[in-house]
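Visitor: After the sequence you'll find the predicted model.
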Amino acid sequence: EAGVAQSPRYKIIEKRQSVAFWCNPISGHATLYWYQQILGQGPKLLIQFQNNGVVDDSQLPKDRFSAERLKGVDSTLKIQPAKLEDSAVYLCASSLDLTPEQFFGPGTRLTVL
Amino acid sequence: SQQGEEDPQALSIQEGENATMNCSYKTSINNLQWYRQNSGRGLVHLILIRSNEREKHSGRLRVTLDTSKKSSSLLITASRAADTASYFCATDASNTGKLIFGQGTTLQVKP
């Protein structure tokens, strides 16, 4: 079974630029999550999708972050404009419906200069 | 904000020894999960314990949960160099999949 795929793996941008991350969850997984993991900390949930609907986006900084999950499969997370404090690893995870176990992708390491 | 506080922040042991990591949380939970993260990689689910359970085993892993103290521990027995990683506890308060992660414990197992 293929795992959660993410791209790119690394991205370096300057502040005020925009960036987008892509995630392809495990086939058949209805629930998809985006997390932000700052160095030395645990992951923080940004947004949770159930199929193509948003379940929770309470911690998503909506003035600069946006996410979509068209057709209930792939998802993109966008930051526009980026700030220095957005430097982090962005992790995508998926799960079967609302089952507890989440499967994580390798993450995208973002550096904002 | 992060719900879980993990202790210790870092742990260094010799291969073959046991490693114990603790997690405390603040609010009532539906389940608590432990994940492992190798350097530069994504997280891997290790074990889940529900609020009505007190202890679970999986291979060399043993997890306990004390809901009265709002705490959990993860024991790795007979550690191996390959167990070197960061370990995170994550709580799910509402059984919706919304996980709140702790800060993690970095474990180093020396061969």
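Guide: Received it, and whenever you're ready, just let me know what you need. Numbers count the residues shown, from 1 in each chain, chains lettered A, B, ... in the order given.
Visitor: Run a quick check on residue A:66 versus residue A:54, I expect a contact.
Guide: No - using C-beta atoms under 8 Å, residue A:66 is not in contact with residue A:54, being 11.0 Å away. To be clear about C-beta, it is placed using only N, CA and C from the backbone, and glycine gets the same treatment.
Visitor: and residue B:101, what are its bridge partners?
Guide: Per DSSP bridges, residues listed as beta-bridge partners of residue B:101: residue B:90.
Visitor: picking that back up, give me the more crowded residue out of residue A:66 and residue A:54.
Guide: With neighbours defined as other C-beta atoms under 10 Å in any protein chain shown, residue A:66 and residue A:54 compare such that residue A:66 has more, 16 against 13.
Visitor: what bridges to that one?
Guide: The partner residues for residue A:66, given DSSP bridges, come to residue A:78.
Visitor: Return the distance of it relative to residue A:57.
Guide: The gap separating residue A:66 from residue A:57 is 10 Å, by C-beta to C-beta, to the nearest Å.
Visitor: Kindly report the same for residue A:89.
Guide: Counting by C-beta to C-beta, the gap between residue A:89 and residue A:57 amounts to 19 Å.
Visitor: Name the residue in those two with the higher neighbour count.
Guide: residue A:89 (22 against 17).
Visitor: which residues does residue A:36 contact?
Guide: Listed by C-beta atoms under 8 Å, 6 or more residues apart in numbering or on different chains, the contact partners of residue A:36 are A:43, A:44, A:46, A:88, A:89, A:90, A:91.
Visitor: do the same with residue A:51
Guide: By C-beta under 8 Å, 6+ apart, residue A:51 lies in contact with A:30, A:69, A:72.
Visitor: Could you export these as a markdown table, including distance to residue A:61?
Guide: Formatted as a markdown table, these follow (distance: C-beta to C-beta, whole Å):
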| residue | distance to residue A:61 |
| --- | --- |
| A:30 | 25 |
| A:69 | 18 |
| A:72 | 24 |
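Visitor: Only the buried subset of those, as a ChimeraX command please.
Guide: Of those, the buried ones can be selected in ChimeraX as follows, counting by 16 or more other C-beta atoms under 10 Å in any protein chain shown:
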select /A:30,69
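Visitor: Between the two ends of stretch B:53-67, how far is it?
Guide: The first residue of stretch B:53-67 is 9 Å away from its last residue (C-alpha to C-alpha, to the nearest Å).
Visitor: Equivalent analysis for stretch B:73-81, please.
Guide: The distance separating the two terminal residues of stretch B:73-81, taken as C-alpha to C-alpha, comes to 21 Å.
Visitor: pLDDT-wise, which helix or strand of chain A ranks last?
Guide: Taking mean pLDDT, DSSP states H and E as the measure, the helix or strand of chain A with the lowest value is strand A:53-56, at a mean of 92.
Visitor: Could I get the buried residue list for that one?
Guide: Result for strand A:53-56 [16+ other C-beta under 10 Å]: buried residues A:55, A:56.
Visitor: contact partners of that strand?
Guide: Counting by C-beta under 8 Å, 6+ apart, the neighbours of strand A:53-56 from elsewhere in the structure are A:31, A:45, A:47, A:48, A:49, B:96, B:97, B:98.
Visitor: Strand partners (parallel or antiparallel) of that strand?
Guide: Sheet pairing for strand A:53-56, assigned by DSSP bridges, gives strand A:44-50 (antiparallel).
Visitor: Not counting the partner strand itself, show me its contacts.
Guide: Around strand A:44-50, the neighbours that count as contacts under C-beta under 8 Å, 6+ apart are A:30-38, A:54-57, A:59-60, A:65, A:67, A:69, A:72, A:75, A:77, A:97-98, B:2, B:96-101.
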